[in-house]
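Undergrad: Next come a sequence and a model predicted from it.
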Amino acid sequence: MRIDAILACLLLAQPLNAQGFAGMGTDAEGFAVPQPDPDFDFPADHGPHPDYRIEWWYLTANLDGPDGTEYGLQWTLFRSALAPGEAEGWQSPQIWFAHAAITTPDRHFSAERFARGGIGQAGVTPDPFDAWIDDWRMTGADFDSLALTATADEFAYAMTLEAQGPLVFHGRDGFSVKSAQGQASYYYSQPFYEISGTLTLPEGPVEVTGSAWLDREWSSQPLSEDQIGWDWFSLTFDTGEKLMGFQLREDGGEAFTAGTWIMPDGQTATLQDGALQATPLETSEVAGRTVPTRWRLTLPARDLDIEVDAVNPSAWMDTSVPYWEGPVHMSGSHAGRGYLEMTGYD
Amino acid sequence: MNRAGLAALWSFWRRNPLQLFTLVAGLALATALWSGVQALNAEARASYDAAASVLGEGRYDQVVPRAGDGFAQETYVALRRAGWQAGPVLEGRFDAGDTRLRLVGLDPLTAPAGLGPVSSAGDTPLQDFLAEGVIFAHPGIAEALRGAVPDRVVADSGLPPDTAITDIGIAQRLLNRPGEISRLILSDTQPMGRPPLEEIAPDLVLQPSQQSADIAQLTDSFHLNLTAFGLLSFAVGIFIVHGAIGLAFEQRRAMVRTLRTLGLPLRQLVLLMVLELLILALVAGGIGVMLGYLLAASLLPDVAATLEGLYGAQVSGALSLQPSWWLSSLAIALLGTVLAAAGALWQIARMPVLASGKARAWAVASGRLRGLQGAAVAVLLLASALLTALGHGLIAGFAGLACLLIGAALGLPLILEAVLTLAQRRARGVRWQWFWADTRQQLPGLRLALMALLLAMAANVGVSTMVSSFRLTFVGFLDQRLTAELYLGVDSADEAARLQAFAAPRTDAILPLLSVDTRLADQPTQLFGARVGPSYSDNWTFIASDGPVWDRVADGRAVIINEQLARRAGLWPGDSLAITRDVSLPIAGVAGDYGNPKGQAVIGEALFRDLYPSVRATRFGLRTDDPDALRDALVDEFGLDPGQITDQAALKRFSLDVFERTFTVTGALNILTLAVAGFAMLMSLLTLAGMRVPQLAPAWALGITRRELGRLELLRAVILAALTLLVALPLGLALAWMLLAVINVEAFGWRLPMYLFPLDYARLGAFALLAAVLAALWPARRLARTPAAHLLKVFANAN
């Protein structure tokens, strides 16, 4: 077994009988399973949950440079467990990996890191909040005020974030169902960050400001067996309202959609399956795949009919399990900016 | 027209099968020696590559401790948290029952991409590798390992011999080195802005990739030696080929003239000749490659044993057909043939159509050419002297050697010409004047064979001098070092303690052998802890020392290093050497250490136990007046297995054995080279014999009988061989000096004194003369039996 083959099947601890995208549709097998009516305990729940199989701290940001250039930024830390629980040293069953990216209108940079749990190379402590892998960090006295850094051979960034609103819980108070069969995850976000800092690109440093959105999610079987991928949108409208929406694509062409409509003050309205409709309008050839980079989103209940367009269609994450992730802007009934993530397009 | 041309060319070989045989055999032998050596080198290198690529030694930079053999894994985490992209490796020797193997642990998540070509022996999910503890092992040791560890062992033939790979956590447990790491392997891409190594880990040092391959570095010199021998043999073979092709072309001048007058265009003719040569070269090269394979297969066990004994390098004992060596050998055969034939082809191309069809019996070199040749010789000898005096490194040493040999080879005909001219002038009597003149006239024809003979003889003298000097010195050295009468090994620390208690009243001294493999001054080194006493202080001699040595070593205030370490690290008595990150000691003495490719350092026992408390002595030397009685006591009363006790004589024999095997390889190549040179002489004489009839006919007509002519042929061969031997002897001694004083020092780091062995030289001389006689016997007999009619015909058709 070549080491790179080991690494390739490493992501999300994919056993031989893996199902669904990146094995996320595989049976929970001994891991804890999210239950309805969660009882969150903060700041402890900002930290890791080793009894669940997969977990992430997912930050995306829409930024503007001094000359108005649009940028996108991503910082994601994943935890993947080979077995439930934690152990000291190399025996730990926890595997950590992270993705960092910067998207400009012309270029897309991405980087990946891997780490073993249990030896101190990566981890998250909830209070004070510190999430790290190698020299990538998201840290702060509490969740509302964070410093964010990442470095790679071609790019780096150092940012600060200030929350301007409360945490938002998706699904039923944080219990987010992903399919008709009932697979679910615990899912909350902090979508109200204001972010500023410096991007270091090959051309030189750029001072940027903008808004950022942090997703927190953990589960043991987030997908059903026949779900091959998803398209996820996080949108901020000029009116101050926000929308989180995703569509899970199934084998037969069906889709399960869900979402959360977020008011400027943090109040939420959960969208049922089918309420949000996402239709691809235009595709692009990216990294040898055909990926839709322009979408039409409709949500009749809110009179929403918008076109979502990628700032840079080539925002392909060239990582062990590759996917598309990049900034978008919207036009139509509502205008604004956001982030789009698409997986399962091979 | 092509077919006719080819048929004509081929008919020449049919009529002169001897020349065809010479050509093919010469090329085949030359290729055989070259390809045999290449096969040995390629096989060894493939084994190193397997070892190197498993751990990425050859390709990646590494981070290693400055001193000692490991560091804490917290340092690794600190480096990662500072941004350094590195993968940890823990390596050590593991005993699985009787089998000793190398256990390597790494972290698959942080190992650089492409590391570890562990071929798929079945799908092992990552969680098994990390959590359950799967160990991949070379098939040769997999069984033994299964019996010794609770973890699952999977055999994988992609690993180097005697190696097993597993997760670093498992390795730490099995090697009993919790929290330790041997070194780090750095990724090719590193993020920007990370702090320098000294800031995070001042005890670690960056080792760039070309220095990482310890094994390749150590064994390079051995392979260079082998390759040099291969080249020498090949050169000798090409001499033969050149001679045969030149002669063939000379004899085909009439045929060429006929073909051209029949209408075959010149270009086509030349192309046909080239085609013919290429076919012959491929056939001969093919035969040579097969012979070379056989040669290498028979020598490989010795080479493998040498490499393991000297360097600890693991080389597979079975020869595999690697395209690299047989393709390169065929290419060399083709190239050699082209080079050898270039001159002759050029002449044919320029020859006017109606030029004389008679073969010329090798025109004597004109005065101008001789001058040029003399100048070339002078230049080469001067270059050799300069390279020796001013050059550094193994390449310069070998270049100097090559210049010397080529210069001498070119100079030989000049010397022989001068001697023969002198003899001719001083000769009394017509017969002797004719004899010397005829010998002179034959010289250009025999020139190449004699040059080959010179090189072969000089190589023999040189290498045998080196080997014998070495053996003589080494035996004396062993006597110095192996002073204890009995050596024994026990299995555990408990047994060791009991043994020391048991042996104390029965022996004069107990010498524990404490050692650890480490790196000192950036060199792979063995560090010893010595229980200082008369055994050491009375017997060791130093190349250089600085005040009282053994007292200071015993007190832990000084260290002794061997010549290799001293030369490689540029250290001498008085300089300071870092033993571990905390302890540095001044060097009290430099000791000779013949035959050891690694560095060695000796400190006092007390200090050693302080620095390496976990190392237990399990081998001991016992001083006694009555080794037999002591051995009986140990076996009968203490209960040691007789196999655990070695006596001094056996140990000396074993050490000498390793070196005998080294020189078996070079010895074999030596003999073969001499045989090839002898063969060259035989062939030259045979082919010349056919052409000499016009020169001999007048002498016969004037009254010298054919039998006497035959005897004079023999005499001529002996005289020429003897003269060559006279030149070969000083050349061989110069060669030996260069090998001992220059090449050996550059390659191994230690210098041998040179001893002379007149008896050996006399024996070699006798053999060379015998070979010359044998080579000349057949042509002489043929000459003596030449029918009178053939000799008469010369006068009938004088043209």
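TA: It's in. If you're wondering where the values come from, they're calculated on a predicted model, not measured in any experiment.

Undergrad: going forward, measure contacts between C-alpha atoms and count neighbours the same way
TA: Noted.

Undergrad: Next, find the distance separating the nearest residue to residue A:283 once chain neighbours are set aside from residue B:396.
TA: Closest residue to residue A:283 apart from its sequence neighbours, by Cα to Cα, 6 or more residues apart in numbering or on different chains: residue A:292 at 3.8 Å. Residue A:292 is 65 Å from residue B:396, where distance means Cα to Cα, to the nearest Å.

Undergrad: so where's the stretch 401-550 of chain B uncertain?
TA: Counting by pLDDT under 70, the stretch 401-550 of chain B contains low-confidence ranges at B:491-492.

Undergrad: same thing with the stretch 51-200 of chain B?
TA: In the stretch 51-200 of chain B (pLDDT under 70), the answer is B:51-59, B:113-132, B:157-158.

Undergrad: so where do the strands sit in it?
TA: B:62-65, B:71-72, B:86-96, B:99-106, B:134-137, B:152-155, B:163-167, B:180-181, B:183-186 (DSSP state E, counting those that start in this stretch).

Undergrad: Make a markdown table out of the ones you listed and add mean neighbour count and distance to chain A.
TA: Listed next are the strands of the stretch 51-200 of chain B as a markdown table, based on neighbours: other Cα atoms under 10 Å in any protein chain shown; distance: least, Cα to the nearest Cα, whole Å:
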| stretch | mean neighbour count | distance to chain A |
| --- | --- | --- |
| strand B:62-65 | 23 | 17 |
| strand B:71-72 | 16 | 12 |
| strand B:86-96 | 20 | 10 |
| strand B:99-106 | 20 | 11 |
| strand B:134-137 | 26 | 10 |
| strand B:152-155 | 20 | 11 |
| strand B:163-167 | 25 | 9 |
| strand B:180-181 | 25 | 12 |
| strand B:183-186 | 25 | 14 |
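
Undergrad: Which one of these lies nearest to residue B:452?
TA: strand B:163-167 (45.6 Å; Cα to Cα).

Undergrad: Just the C-alpha atoms of the closest one, please, in CSV.
TA: Taking Å, rounded to 0.1, in the frame of the first residue of the first chain, the C-alpha atoms of strand B:163-167 are listed here in CSV:
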residue,chain,number,x,y,z
THR,B,163,13.7,-4.3,7.5
ALA,B,164,10.3,-3.9,8.9
ILE,B,165,8.1,-0.8,8.9
THR,B,166,5.3,0.2,11.2
ASP,B,167,3.6,3.2,12.8
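
Undergrad: Residues contacting it, please?
TA: B:101-108, B:129-130, B:133-138, B:141 (Cα atoms under 8 Å, 6 or more residues apart in numbering or on different chains).

Undergrad: so the residue nearest to residue A:283 makes contact with residue A:279?
TA: No - applying Cα atoms under 8 Å as the test, residue A:292 and residue A:279 come out as separate, 9.3 Å apart.

Undergrad: What spatial separation is found between residue B:608 and residue B:519?
TA: Residue B:608 sits 15 Å away from residue B:519, going by Cα to Cα.

Undergrad: Likewise for residue B:253?
TA: Using Cα to Cα, residue B:253 is found at 68 Å from residue B:519.

Undergrad: and if you look at residue A:313?
TA: Using Cα to Cα, residue A:313 is found at 53 Å from residue B:519.

Undergrad: Comparing these two, which residue is more hemmed in?
TA: residue A:313 (25 against 22; other Cα atoms under 10 Å in any protein chain shown).

Undergrad: Can you classify that one as helix, strand or coil?
TA: Going by DSSP: H, G, I helix; E, B strand; the rest coil, the secondary structure assigned to residue A:313 is coil.

Undergrad: what about the helices in the stretch 251-400 of chain B?
TA: Taking DSSP state H, counting those that start in this stretch as the criterion, the stretch 251-400 of chain B contains helices spanning B:253-261, B:266-311, B:323-350, B:367-390, B:394-426.

Undergrad: would you turn the ones you listed into CSV with mean neighbour count and distance to residue A:323?
TA: Putting those into CSV (neighbours: other Cα atoms under 10 Å in any protein chain shown; distance: least, Cα to Cα, whole Å) gives the following:
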stretch, mean neighbour count, distance to residue A:323
helix B:253-261, 18, 74
helix B:266-311, 20, 50
helix B:323-350, 18, 42
helix B:367-390, 16, 62
helix B:394-426, 19, 53
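
Undergrad: Can you check what angle separates the longest helix anywhere in chain B from helix B:394-426?
TA: Using DSSP state H, we find that the single longest helix of chain B is helix B:430-481. If you take axes from the mean of the first three to the mean of the last three Cα atoms, to 10 degrees, helix B:430-481 sits at 150 degrees to helix B:394-426.

Undergrad: low-confidence ranges in the stretch 551-700 of chain B?
TA: For the stretch 551-700 of chain B, the ranges with pLDDT under 70 are B:594-597, B:643-644, B:650-651, B:654-667, B:669-670, B:672-673, B:676, B:687, B:690.

Undergrad: So the residue in it positioned nearest to chain A versus residue B:516, what's the distance?
TA: Closest residue of the stretch 551-700 of chain B to chain A, Cα to the nearest Cα: residue B:614 (23.0 Å). Distance of residue B:614 to residue B:516, computed by Cα to Cα: 10 Å.

Undergrad: Compare neighbour counts for those two and give me the winner.
TA: Neighbours per residue (other Cα under 10 Å) separate residue B:614 from residue B:516, with residue B:516 holding more: 15 against 8.

Undergrad: Give me the nearest residue to the more buried one, chain neighbours excluded.
TA: Here the residue nearest residue B:516, using Cα to Cα, 6+ apart, is residue B:527, at 5.4 Å.

Undergrad: On the strand side of things, show who that neighbour bridges to.
TA: residue B:516, residue B:601 (DSSP bridges).

Undergrad: residues near it, how many?
TA: Neighbours of residue B:527 (other Cα under 10 Å): 24.

Undergrad: my guess is it meets residue B:598, correct?
TA: No - assessed by Cα under 8 Å, residue B:527 is found out of contact with residue B:598, at 10.6 Å.

Undergrad: what does the stretch 101-250 of chain A put close to chain B?
TA: A:114-116, A:119-121, A:133-136, A:151-156 (Cα under 8 Å from any Cα of the partner chain).

Undergrad: Just give me the neighbour total for residue B:559.
TA: Other residues close to residue B:559 by other Cα under 10 Å number 29.

Undergrad: Would you enumerate the residues in contact with it?
TA: Counting by Cα under 8 Å, 6+ apart, residue B:559 makes contact with B:553, B:585-589, B:601-604.

Undergrad: Tabulate those (JSON lines), appending secondary structure.
TA: Formatted as JSON lines, the contacts of residue B:559 follow (three-state DSSP):
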{"residue": "B:553", "secondary structure": "helix"}
{"residue": "B:585", "secondary structure": "strand"}
{"residue": "B:586", "secondary structure": "strand"}
{"residue": "B:587", "secondary structure": "strand"}
{"residue": "B:588", "secondary structure": "strand"}
{"residue": "B:589", "secondary structure": "strand"}
{"residue": "B:601", "secondary structure": "strand"}
{"residue": "B:602", "secondary structure": "strand"}
{"residue": "B:603", "secondary structure": "strand"}
{"residue": "B:604", "secondary structure": "strand"}
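
Undergrad: Between the residues you listed, which sits nearest residue B:540?
TA: residue B:589 (10.5 Å).

Undergrad: quick one: which helix or strand includes the residue nearest to residue A:283?
TA: Residue A:292 is part of strand A:289-299 when elements are defined by DSSP states H and E.

Undergrad: Compare residue A:292 and residue A:279 (neighbour count), which wins?
TA: For residue A:292 versus residue A:279, neighbours defined as other Cα under 10 Å are more numerous around residue A:292 (21 against 12).

Undergrad: ok so, going back, part of a helix, is the residue of the stretch 551-700 of chain B closest to chain A?
TA: No - counting by three-state DSSP, residue B:614 is not found in a helix; it is coil.

Undergrad: Just put the contacts of residue B:559 in a markdown table and tack on neighbour count.
TA: Listed next are these as a markdown table, based on neighbours: other Cα atoms under 10 Å in any protein chain shown:
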| residue | neighbour count |
| --- | --- |
| B:553 | 27 |
| B:585 | 19 |
| B:586 | 19 |
| B:587 | 26 |
| B:588 | 26 |
| B:589 | 27 |
| B:601 | 23 |
| B:602 | 22 |
| B:603 | 26 |
| B:604 | 23 |
